[in-house]
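S.K.: just coords:
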């Protein structure tokens, strides 16, 4: 074979040879901490594993196993010794458990945000187990990580706007009826009314929207699906009567056309124009699943939504003051005009 043929053969062989990066990727296919966890499990089982057996089971070299054992001794301070007679490693004294994995600053920050967010579950049965779970997680942190968590805690605040105070007994009764599929009796006070009315309902779904809890339930007497604000529920009684939730019930479908929690049967295309001042804040947020934002000359924008009710979007538009203008539907524009005229009447003379 001539020199050129030899070069072509070597080139073909090199093309099929795994790259250095691929070799490294294959070598680290089993993460080191996962590998050490398996070594820990075998040591706890008193199996007296040695380097040869561990290397074969974990598909790594004997030198890798030796480095792992040294790491477990030095970093974790584990009492690992080698028994010559049984030709394997063992724990010379009890080891409580595998230590928590080290956390990065980003992971610590995410953990702290989760801890702050727990407070929105104040007044619900979820608060106590959530706090207990967080305490278990932080109890296994090392000194340096605890110090970092403390510093981050001083620099981070989670302040939900107007969080709702929910009666724990009411929440527990509702969740019991929900999970056990039992008919729930209660009194309900609608906004603007003086007295609460008795209701009988099949509770289907519980949701938290804008820091307030709502129950989606079939109102037995009115024979339709209703959404009840838990803050306006009183005297709940879980009955012995059971019900079946229909397969056709889809809470996500029901909420998809609402701007918050209120939904209906209508279909509105809502278009709102925002000026440049409001557009700077509006463009960086996700307001609704159906939203379409179009930038217009002058720095403003148009926001398009598909909704089935107008009450919640009306209040939201009013919160923007003079920075938002309804383009359509005319029904929504008329509601804004009516509110504006009433406000003008009330504030006339100031």
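M.R.: Sure thing, it's come through. Because the structure is predicted, anything quoted here is derived from the model rather than measured.

S.K.: what residues are up against the residue nearest in space to the middle of the chain?
M.R.: The centre of the chain sits closest to residue 114, judged by C-alpha atoms, centre = their mean, with a distance of 8.8 Å. For residue 114, the contacting residues are residue 134, by C-beta atoms under 8 Å, 6 or more residues apart in numbering. For every residue, glycine as well, the C-beta is placed using N, CA and C.

S.K.: ok, it to residue 174 distance?
M.R.: The spacing between residue 114 and residue 174, counted by C-beta to C-beta, to the nearest Å, is 25 Å.

S.K.: same deal with residue 79?
M.R.: According to C-beta to C-beta, residue 79 and residue 174 sit 52 Å apart.

S.K.: between these two, which one's more packed in?
M.R.: In terms of neighbours (other C-beta atoms under 10 Å), residue 174 is the more surrounded of residue 79 and residue 174; the figures are 24 against 13.

S.K.: Next SSE downstream of the helix or strand hosting that one?
M.R.: Per DSSP states H and E: residue 174 is located in helix 168-180. Toward the C-terminal end, the helix or strand that comes next after helix 168-180 (DSSP H and E) is strand 182-188.

S.K.: give me the element residue 63 is part of.
M.R.: Per DSSP H and E: residue 63 is located in helix 62-74.

S.K.: Which segments of the protein make up each domain?
M.R.: The record's domain parsing of the chain by automatic domain parsing lists 19-91, 105-155, 168-249, 268-347.

S.K.: State the mean pLDDT of the first one.
M.R.: Per-residue pLDDT values over domain 19-91 give a mean of 76.

S.K.: what's across from the closest residue to residue 225 other than its chain neighbours in the sheet?
M.R.: Among residues not flanking residue 225 along the chain, residue 218 sits closest, at 5.6 Å (C-beta to C-beta, 6 or more residues apart in numbering). Applying DSSP bridges to residue 218 gives these bridge partners: residue 202, residue 225.

S.K.: so residue 331, which of the three states?
M.R.: Classification of residue 331 using DSSP: H, G, I helix; E, B strand; the rest coil returns helix.

S.K.: where in the stretch 151-300 of the chain is pLDDT low?
M.R.: 151-166 (pLDDT under 70).

S.K.: about what we covered before: what packs against the helix holding residue 174?
M.R.: On a contact count with 3 or more C-beta pairs under 8 Å, 6 or more residues apart in numbering; DSSP states H and E, helix 168-180 meets strand 182-188, strand 197-209, strand 212-219, strand 233-242.

S.K.: Give me the angle between the second one and strand 233-242.
M.R.: Read it as strand 197-209. If you take axes from the mean of the first three to the mean of the last three C-alpha atoms, to 10 degrees, strand 197-209 sits at 100 degrees to strand 233-242.

S.K.: what about stretch 244-264, distance to the chain center?
M.R.: Put simply, stretch 244-264 sits 20 Å off its chain's centre (C-alpha atoms, centre = their mean, to the nearest Å).

S.K.: now stretch 219-239
M.R.: Centroid separation for stretch 219-239 versus its chain: 27 Å, with C-alpha atoms, centre = their mean.

S.K.: Span of that stretch from start to end?
M.R.: This stretch, stretch 219-239, spans 15 Å end to end (C-alpha to C-alpha, to the nearest Å).

S.K.: What of stretch 274-291?
M.R.: Start and end residues of stretch 274-291 are separated by 14 Å (C-alpha to C-alpha).

S.K.: Contacts for it, please.
M.R.: The contact list for stretch 274-291 (C-beta under 8 Å, 6+ apart) reads 256-257, 259, 293, 295, 298-307, 320, 323-325.

S.K.: for stretch 80-93, same thing?
M.R.: 43-44, 46-50, 53, 69, 72-73, 78-79.

S.K.: now swap in stretch 59-75 and tell me
M.R.: 27, 30, 32, 35-36, 39-40, 51-52, 54-55, 58, 78, 80, 89.

S.K.: Show me which residues of it are buried.
M.R.: 60, 64-65, 68-69, 72 (16 or more other C-beta atoms under 10 Å).

S.K.: Now tabulate the domains of the chain in CSV and tack on distance to residue 97.
M.R.: Shown next, in CSV, are the domains of the chain (distance: least, C-beta to C-beta, whole Å):
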stretch, distance to residue 97
domain 19-91, 9
domain 105-155, 9
domain 168-249, 33
domain 268-347, 41
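
S.K.: List the strands paired with the helix or strand encompassing residue 269, with their directions.
M.R.: Taking DSSP H and E as the criterion, residue 269 maps to strand 268-274. Applying DSSP bridges, strand 268-274 is found paired with strand 301-307 (antiparallel), strand 324-328 (antiparallel).

S.K.: And for residue 267, the neighbour number?
M.R.: By the criterion of other C-beta under 10 Å, residue 267 has 9 neighbours.

S.K.: pretty sure it is touching residue 305, no?
M.R.: No - Residue 267 is not in contact with residue 305 according to C-beta atoms under 8 Å; the separation is 11.3 Å.

S.K.: How far does the helix holding residue 63 sit from its chain's centre?
M.R.: 38 Å.

S.K.: Show me what secondary structure element comes after it.
M.R.: Per DSSP H and E, the first helix or strand lying C-terminal to helix 62-74 is strand 80-83.

S.K.: residues contacting residue 184?
M.R.: By C-beta under 8 Å, 6+ apart, the residues touching residue 184 are 173-174, 177, 200-203, 217, 236-239.
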